[in-house]
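A.B. asks: how would this look folded up:
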Amino acid sequence: MDEREFSERAAALERRLYRVCFALLRCDADCADAVQEALLKAWRALAWLRREEYFETWLTRIAINECRRILRMRRHALELDARLPAPEPPDVGLRDALMALDVQLRLPVVLHYVNGFDIAETARILHLPQGTVKSRLYRARARLRELMSEEDCI
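C.D. replies: Here you go, the predicted structure:
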């Protein structure tokens, strides 16, 4: 894959990568940084990509790893500054309900329903068995129904 093809394919995936990063980071600035850093790391490691048909899966995995690195940095920063106020509980709308899910449930939902990856691709990206992805999607849907019905009762 040459530089032009990499640029075109990466540009086509940028919005999808951003959505995945937002599901993990919940901060626009951090998401932009994560996507940019993931693209840079992917370009540098392009020789490690074994099969070009897995480019999207490979790049998404790099973005997820970059998000996890940012989350670790955040955790260390929070430990240094314990005076930060606690975040307010999320409002329960569809997006907010999704953000209220645990990351183990939220990430498969974003990959499968928002980004359109099939179960097999989602499983490959998350390094999980397909059955685990299916059960997490089931639990996420149940939890979202619960959160959305709570909103209707208020």
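A.B. asks: check what pLDDT the spatially most central residue of the chain gets.
C.D. replies: Central residue of the chain (C-alpha atoms, centre = their mean): Val20, 2.8 Å from the mean position. We note a pLDDT of 94 for Val20 in this prediction.
A.B. asks: in the helix or strand containing it, which residues are buried?
C.D. replies: Using DSSP states H and E, the element containing Val20 is helix 3-25. Of the residues in helix 3-25, those buried under the neighbour-count criterion (16 or more other C-beta atoms under 10 Å) are 6, 10, 13, 16-18, 20-25. C-betas here are computed from N, CA, C, even on glycine.
A.B. asks: quick one: Leu17 from Leu98, how far?
C.D. replies: Using C-beta to C-beta, to the nearest Å, Leu17 is found at 17 Å from Leu98.
A.B. asks: test my guess that Cys21 contacts Cys67.
C.D. replies: Yes - using C-beta atoms under 8 Å as the test, Cys21 is close enough to Cys67 to be in contact (5.3 Å).
A.B. asks: give me the common contacts of those two.
C.D. replies: Taking C-beta atoms under 8 Å, 6 or more residues apart in numbering as the criterion, Cys21 and Cys67 both touch 30, 34.
A.B. asks: picking up where we left off before, name the residues that touch the helix holding Val20?
C.D. replies: Taking C-beta under 8 Å, 6+ apart as the rule, helix 3-25 contacts 1, 28, 30-32, 34-35, 38-39, 42-43, 46, 55-56, 59-60, 63-64, 66-68, 70-71, 98-99, 103, 106-107, 109-111, 114-115.
A.B. asks: grab the nearest non-local neighbour of Val103.
C.D. replies: Leu24 (6.2 Å; C-beta to C-beta, 6 or more residues apart in numbering).
A.B. asks: quick one: pLDDT of that neighbour?
C.D. replies: pLDDT for Leu24: 91.
A.B. asks: likewise for the one 3 residues further on?
C.D. replies: According to the per-residue confidence, Cys27 scores 90 in pLDDT.
A.B. asks: gap between it and Cys67?
C.D. replies: Using C-beta to C-beta, Cys27 is found at 10 Å from Cys67.
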